[in-house]
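Novice: With the sequence up front, the predicted model follows.
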Amino acid sequence: MKIQISKPYLDQDDRKNIIKTFDSSWISSNGKNILELEKNFSKYTRSKYALSCSNGTIAIELALKALGVKKNSEIIVPNLTFAATINAVINVGAKPVIIDISDKNFEYDSNHLKKVVNKNTFAIIFVHLFGIPIDIKKQLKGLQFKNIKIIEDCAESLGAKIKGVHTGNFSDCSTFSFFSNKIITTGEGGMINFKHKKIYEIAKKIKNQGRAYGKFYWHDEIGGNYRMTNLQASLGLTQLKKINKLLNLRKKIYNYYDFQFKDFPEIVPLHKLIKTNFDNISYWYYTISIFKLNERLRDNLIKYLEKKNIETRPLFYPLSSMNIYKKYLLGSTKNSNKLSYVSLSLPTYPNLKKTEVKYISENVIKFLNSL
């Protein structure tokens with residue numbers, strides 16, 4: 001049987017709540033589940049305001065629109081991230097500015113960031129990639145322009161913290177994804193946390209076709225349909241209730257992998273390569289870097305594991321390596337390239353068995369020993 005890269009953790013509580021919502025007939029974008037999920041999510045992440053939406057990409061778009069993005073506004077994005085980050089910027093008519101990550105972690109190179117930021121910079125997007133949190137306060141020290149909007153892409157970092165504070169609380173807006181491979185899932189879906197009530201209220205209106213409050217079919221804002229359904233929110237509610245259990249199960253998977261690789265220093269897990277507090281990450285995909293490989297050998301390893309019925313993923317490719325994005329690059333690609341082409345993610349999900357982790361690890365080691 002094939003070992004998948006990811007599987008959602010679904011139990012009887014999830015099933016019962018979905019059926020309960022189904023039986024109520026409140027399955028669309030109206031219903032108490034949505035409001036309750038937003039309230040509970042805000043409480044869990046310690047955010048002032050939370051707003052549900054249809055997915056994590058739309059969450060970034062909606063955040064940018066609520067913050068007042070204009071056409072050709074410059075938005076800084078990291079070169080190493082999933083394409084949703086930059087696609088959201090392009091889709092709102094803004095101009096992405098791609099810069100390289102640091103040689104130590106997923107942060108920006110601080111000196112380069114200071115040089116790139118200018119009077120045309122509207123926002124900086126920080127991505128807590130693979131659930132490894134970025135110290136945003138440190139990154140913002142010494143920036144000349146103080147009116148720049150800050151957005152955290154927390155798609156992979158639900159449950160991760162920076163010095164005890166949940167990711168998403170260091171910015172004007174932070175965005176989360178509930179896709180099936182994330183820490184909790186609603187199938188598709190997302191959430192935006194806000195620091196300021198005014199921005200939250202604007203986003204709430206845009207999300208719902210720009211409708212004016214208190215008057216049916218009257219619109220005073222250009223909007224769209226970015227809503228989550230009540231049926232999705234019913235799943236989100238039960239998923240969120242067991243988030244600590246899900247994080248603990250994922251943490252055990254990480255520990256199993258760490259034990260299997262402990263005698264092989266050439267295999268470096270991202271959470272050890274990037275100095276971070278192991279208890280403060282979200283344990284998303286267990287991802288390893290093997291610097292004795294190159295892109296060809298890394299891809300050969302992926303193919304080898306596929307033949308062993310093990311599904312894996314390469315690390316995200318640098319945005320600058322793709323023709324549709326490379327025109328937005330400013331500066332070097334050295335650090336993104338160095339990490340991307342020698343790294344891959346291994347199966348990681350709460351129900352992954354210890355014996356399966358052993359089987360996966362043994363095959364990674366077997367391939368490396370054959371080189």
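Specialist: Cool, the structure landed.
Novice: which stretches of this protein aren't confidently modelled?
Specialist: For the chain, applying pLDDT under 70 flags no range at all.
Novice: what about the helices in the protein?
Specialist: With helices called from DSSP state H, the chain shows them at 12-24, 32-45, 56-66, 83-91, 110-116, 136-140, 197-207, 230-241, 243-261, 270-273, 295-307, 334-340, 354-369.
Novice: what's the closest of those helices to residue 279?
Specialist: Set against residue 279 and scored by Cβ to Cβ, these come closest in helix 243-261, at 8.2 Å. Every C-beta, even on glycine, is put in place using the N, C-alpha and C of the backbone.
Novice: For the closest one, buried residues please.
Specialist: Buried residues in helix 243-261, counted by 16 or more other Cβ atoms under 10 Å: 243, 246, 247, 249, 250, 251, 253, 254, 256, 257, 260, 261.
Novice: what's the answer for stretch 283-290, then?
Specialist: Neighbour-count burial for stretch 283-290, counted by 16+ other Cβ under 10 Å, picks out 283, 284, 285, 286, 287, 288, 289, 290.
Novice: Among these, which one lies nearest to residue 56?
Specialist: Taking Cβ to Cβ as the measure, residue 56 lies nearest residue 284 of these, at 12.9 Å.
Novice: and the closest one, what is it in contact with?
Specialist: Contact analysis of residue 284 by Cβ atoms under 8 Å, 6 or more residues apart in numbering lists 130, 131, 156, 157, 182, 183, 250, 348.
Novice: Now render the residues you listed as JSON lines, adding distance to residue 16.
Specialist: Below are the contacts of residue 284 laid out as JSON lines (distance: Cβ to Cβ, whole Å):
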{"residue": "130", "distance to residue 16": "32"}
{"residue": "131", "distance to residue 16": "29"}
{"residue": "156", "distance to residue 16": "28"}
{"residue": "157", "distance to residue 16": "29"}
{"residue": "182", "distance to residue 16": "22"}
{"residue": "183", "distance to residue 16": "21"}
{"residue": "250", "distance to residue 16": "24"}
{"residue": "348", "distance to residue 16": "27"}
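Novice: Which member of those is positioned nearest residue 46?
Specialist: Once Cβ to Cβ is applied, the member of those that ends up nearest residue 46 is residue 157, at 14.1 Å.
Novice: which residues does that closest one contact?
Specialist: Counting by Cβ under 8 Å, 6+ apart, residue 157 touches 128, 131, 132, 133, 167, 168, 281, 282, 284.
Novice: Now tabulate those in TSV and tack on distance to residue 318.
Specialist: Listed next are these as TSV, based on distance: Cβ to Cβ, whole Å:
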residue	distance to residue 318
128	18
131	20
132	17
133	21
167	23
168	25
281	22
282	23
284	19
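Novice: for those residues, which one is nearest residue 1?
Specialist: Nearest to residue 1 out of these is residue 284 (Cβ to Cβ; 23.3 Å).
Novice: what's around residue 142, how many residues?
Specialist: 11 (other Cβ atoms under 10 Å).
Novice: Tell me who's in contact with it.
Specialist: Residues in contact with residue 142, defined by Cβ under 8 Å, 6+ apart, are 110, 114.
Novice: what does residue 3 give?
Specialist: Contact analysis of residue 3 by Cβ under 8 Å, 6+ apart lists 309, 310, 311, 347, 352, 356, 359, 360.
Novice: 7 Å instead, please
Specialist: Going by Cβ atoms under 7 Å, 6 or more residues apart in numbering, residue 3 touches 309, 310, 311, 347, 356, 360.
Novice: Looking at the residues you listed, which is nearest residue 192?
Specialist: Comparing the contacts of residue 3 against residue 192 with Cβ to Cβ places residue 347 closest, at 29.7 Å.
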